[in-house]
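J.: just need the structure, nothing else, for what follows:
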Amino acid sequence: MGVEISDNLVVPAPPEVSVLVVGYKSLCYIERCLRGAITSAQGHHFEFLFIDCSDDGSETLVRKQFPQVRVLPYQGNLGFGRGNNVLAAVAYGKRMLLLNPDAFARRDELSMTRASNPWDDAAMESFFSTLQFELLSRNRFEKFEDVRAAIIEWIDDFYNSQRRHTTIGGTSPIKYELSWQMRRSRT
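T.: Below is the predicted model of the structure:
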């Protein structure tokens, strides 16, 4: 799989999909998640990226058992959004699939949703709908890199820090997480 540039140089074609997995205390199910996703993707040109946000041993397990997965080193508890931004910044795929580490794909099941759970993707579908309406449909982009940069900026600078979310009491995810951490530290 490659694109020949000249007689001596072959550049690999980018993967169809970059599968991004952000782990947090996922040691007990990350193996099943990746094994199912990799099996499901056979015959397709996918790349798999993983970052562990809890330092629970998942990174070591993934490095040992899944050499085909590009593992980024532990950088602290980045959270789901920022962890995916870090992975997206180094992904090569034409499209990206954000895969929760507790999702288990079966053979030939490119939809990574767990069986019999219609709500599993509801949060992501809502997110992508919001992304499409608030950012993508209102802008024109010349290059893929411009789209990627705009999405990362939108998530970091607006969606997570300023945009109010009705499901968490009309506050931003960052403010909600900070208040949760404060409540947790008091107990």
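J.: give the contact list for residue 95.
T.: 16-18 (CB atoms under 8 Å, 6 or more residues apart in numbering). The way it works is simple: take the backbone N, C-alpha and C, and place the C-beta from them, glycine included.
J.: okay, it: pLDDT?
T.: Listed pLDDT for residue 95 reads 83.
J.: quick revisit: now neighbour count, pLDDT and secondary structure too, for the contacts of residue 95, in JSON lines please.
T.: Conversion of the contacts of residue 95 to JSON lines gives the following (neighbours: other CB atoms under 10 Å; pLDDT from 0 to 100; DSSP: H, G, I helix; E, B strand; the rest coil):
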{"residue": "16", "neighbour count": "14", "pLDDT": "82", "secondary structure": "coil"}
{"residue": "17", "neighbour count": "19", "pLDDT": "84", "secondary structure": "strand"}
{"residue": "18", "neighbour count": "22", "pLDDT": "89", "secondary structure": "strand"}
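J.: for the protein, which residues score under the pLDDT cut-off?
T.: Within the chain, the stretches with pLDDT under 70 are 1-11, 106-125.
J.: mind running it again at 90?
T.: 1-18, 24-29, 32-33, 36-46, 55, 73-83, 93-145, 156, 158-187 (pLDDT under 90).
J.: show me where it has strands.
T.: Secondary structure of the chain (DSSP state E): strands located at 2-4, 10-12, 17-23, 46-52, 69-72, 95-98.
J.: paired strands for the last one, with orientation please.
T.: Within its sheet, and counting by DSSP bridges, strand 95-98 is paired with strand 17-23 (parallel).
J.: pipe the strands of the chain into a markdown table and attach distance to residue 62 per row.
T.: Below are the strands of the chain laid out as a markdown table (distance: least, CB to CB, whole Å):
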| stretch | distance to residue 62 |
| --- | --- |
| strand 2-4 | 27 |
| strand 10-12 | 22 |
| strand 17-23 | 8 |
| strand 46-52 | 5 |
| strand 69-72 | 5 |
| strand 95-98 | 17 |
